[in-house]
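Asker: here is the input, now give the coordinates:
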Amino acid sequence: MTAATHESAAHARSATRPASAPHARRTRGREERGLGASLALHGTLILATVIAAFPVVWIFFISLGPKNAWQQPSDVLRDLSFHNYSDVLAHSDLPKWFLNTVIVAGGTTVLGVFLAATAGYAVSRMRFPGSRQLMWTFLVTQMFPSIVLIVPLYLLMSELNLLDNYLGLILAYATTAVPFCAWMMKGYFDTIPKEIDEAGRVDGLTPFGTFWRLIVPLAKPGLAVTAFYSFLTAWGEVAYATQFMQSDHYTLAVGIRTFAQDQRPDWAWTSATAIIITIPAAIVFMLVQRSLVSGLTAGGTKS
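Answerer: The predicted structure is shown next:
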C-alpha cells in the first residue's frame, strides 16, 4: 500500500511538472545592448559627428579654391591649392592680428588660472569673513551678458588709461573667465584630502608653499580645464576686442571682419583665416586632452 501510494504521487508530480525548454533563455545584462539598439546608437553618433564636422570641412574645402569658390564649389577641384593662405599671410595684417591674439589669450590664460586657483583654494580650505559672499558674487556676475558690461568697463578702462592696451583687454576677459573657473576649482580642491595640507604644515610649509608644492601638482586636471576655458574665452571673443582695441591691436576675431566690410566680401581670405584661427585652439585642446579626460574621474579616492 505504501509503495503504491509513493508511485502514484511520483506520477502525479511528473504529470504536473512543466516541460523544460531545450535551452534556458539568457537574461541580458544591464550594460548589454541588442543589435538594433547598438546600430541606432552608432548611427546617431555618426550622424552627429557628420553634422558637427561638416561646416569646418566645407569652409576648409572652399578655402582651397579660387575667389568664386563659394559660388561655384565645383571649381575647387580644378584649382586646388593653398594660395589663399599664402595671400592672406603675405598681403594682410593677419600676422599682426595673430600676435595680438596670442598675447591677449596667453595673458588671460595665465591670469585666469592664477586667480581662479588661488581663490578656489582659499575658499575650499580657509574660513574667513566674506568667503561665502565672495563665491556668490562670482556666481551673480555670470548672470549678466557680456554686452551689458561693455559700457561700465569702457568707462573704467578709460579712467585708468587701459583702452587700446593689452592689459586692459586681458583684465576685461578675466572678468568673464575667473568667476566660472573659481567655482570649478573650488569644487575640485574639495576632492583633495585635507590631510595633505596638514602634512604640509607639519613639514613646516607655509599656506602658499603647501598650495604650490603639494596641491597644485594634484590639481593638474582641474588646472587644465581652467586654462582651456580661459584660453577660449579670449581667443575667439569679438565684442570686447572691438570696443576696447584700435586697428593696430586688432585680434583675429575682429580682424577677420575687415574682409567682409566692402561691397564684395573676400570669402576666400575669410575662409582661409577662419581655418587658421581654429588651428591654435585645436592644438591647445590636444595638449590638455589627457588632463581633461583624467579630470572626469578625479576625486574617486576622496574619503
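
Asker: please tell me how far the residue nearest to Asp266 when sequence neighbours are not counted sits from Thr273.
Answerer: Spatial nearest neighbour of Asp266, chain neighbours left out: Phe259 (4.8 Å); criterion: CB to CB, 6 or more residues apart in numbering. To be clear about C-beta, it is placed using only N, CA and C from the backbone, and glycine gets the same treatment. Phe259 sits 7 Å away from Thr273, going by CB to CB, to the nearest Å.

Asker: who's more crowded, these two?
Answerer: Higher neighbour count among Phe259 and Thr273: Thr273, with 26 against 20, using other CB atoms under 10 Å.

Asker: can you tell me the element the more buried one falls in?
Answerer: Here Thr273 is covered by helix 267-296, with elements defined by DSSP states H and E.

Asker: so for the closest residue to Thr233 other than its chain neighbours, what pLDDT did the model give?
Answerer: Leaving out its chain neighbours, the residue that sits closest to Thr233 by CB to CB, 6+ apart is Ala177, at 4.5 Å. Model confidence at Ala177, given as pLDDT, is 90.

Asker: just name whatever secondary elements the host helix or strand of Ala177 is in contact with.
Answerer: Here Ala177 sits within helix 166-190, counting by DSSP H and E. Applying 3 or more CB pairs under 8 Å, 6 or more residues apart in numbering; DSSP states H and E, we find helix 166-190 packed against helix 94-125, helix 131-141, helix 150-159, helix 220-235, helix 239-244.

Asker: now render these as a markdown table, adding mean pLDDT and mean neighbour count.
Answerer: Formatted as a markdown table, the helices and strands packed on helix 166-190 follow (pLDDT from 0 to 100; neighbours: other CB atoms under 10 Å):
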| stretch | mean pLDDT | mean neighbour count |
| --- | --- | --- |
| helix 94-125 | 93 | 20 |
| helix 131-141 | 81 | 13 |
| helix 150-159 | 92 | 14 |
| helix 220-235 | 90 | 23 |
| helix 239-244 | 92 | 19 |
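
Asker: figure out which of the ones you listed is closest to Ala48.
Answerer: Each of the helices and strands packed on helix 166-190 has some distance to Ala48 by CB to CB; the shortest is helix 220-235, at 21.1 Å.

Asker: identify the residues contacting that closest one?
Answerer: Residues outside helix 220-235 that contact it (CB atoms under 8 Å, 6 or more residues apart in numbering): 101, 104-105, 107-109, 111-113, 116-117, 169-170, 173, 176-177, 180-181, 184-185, 188-189, 216, 252-253, 277, 280-281, 284-285, 288, 291-292, 294-295, 298.

Asker: measure the residue nearest to Thr233 to Ala37 for me?
Answerer: 40 Å.

Asker: ok, these two, which is more surrounded?
Answerer: Higher neighbour count among Ala177 and Ala37: Ala177, with 25 against 10, using other CB under 10 Å.

Asker: need the CA coordinates for stretch 54-66. PDB is fine.
Answerer: The C-alpha coordinates for stretch 54-66 follow below in PDB (Å, rounded to 0.1, in the frame of the first residue of the first chain):
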ATOM      1  CA  PHE A  54      30.600  69.400 -42.000                       C
ATOM      2  CA  PRO A  55      30.800  73.200 -41.500                       C
ATOM      3  CA  VAL A  56      34.500  73.100 -40.800                       C
ATOM      4  CA  VAL A  57      35.200  70.700 -43.600                       C
ATOM      5  CA  TRP A  58      33.200  72.800 -46.000                       C
ATOM      6  CA  ILE A  59      35.000  76.000 -45.100                       C
ATOM      7  CA  PHE A  60      38.300  74.300 -45.500                       C
ATOM      8  CA  PHE A  61      37.200  73.000 -48.900                       C
ATOM      9  CA  ILE A  62      36.200  76.400 -50.000                       C
ATOM     10  CA  SER A  63      39.500  77.900 -48.800                       C
ATOM     11  CA  LEU A  64      41.400  75.700 -51.200                       C
ATOM     12  CA  GLY A  65      39.700  77.100 -54.300                       C
ATOM     13  CA  PRO A  66      39.600  80.300 -56.300                       C
END
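
Asker: buried stuff in that stretch?
Answerer: Residues of stretch 54-66 classed as buried: 59, 62-66 (neighbour count, 16 or more other CB atoms under 10 Å).

Asker: do stretch 200-207 as well
Answerer: 200, 205.

Asker: straight-line length of it, end to end?
Answerer: 8 Å (CA to CA, to the nearest Å).

Asker: which residues are in contact with it?
Answerer: 126, 209-210, 213-214.
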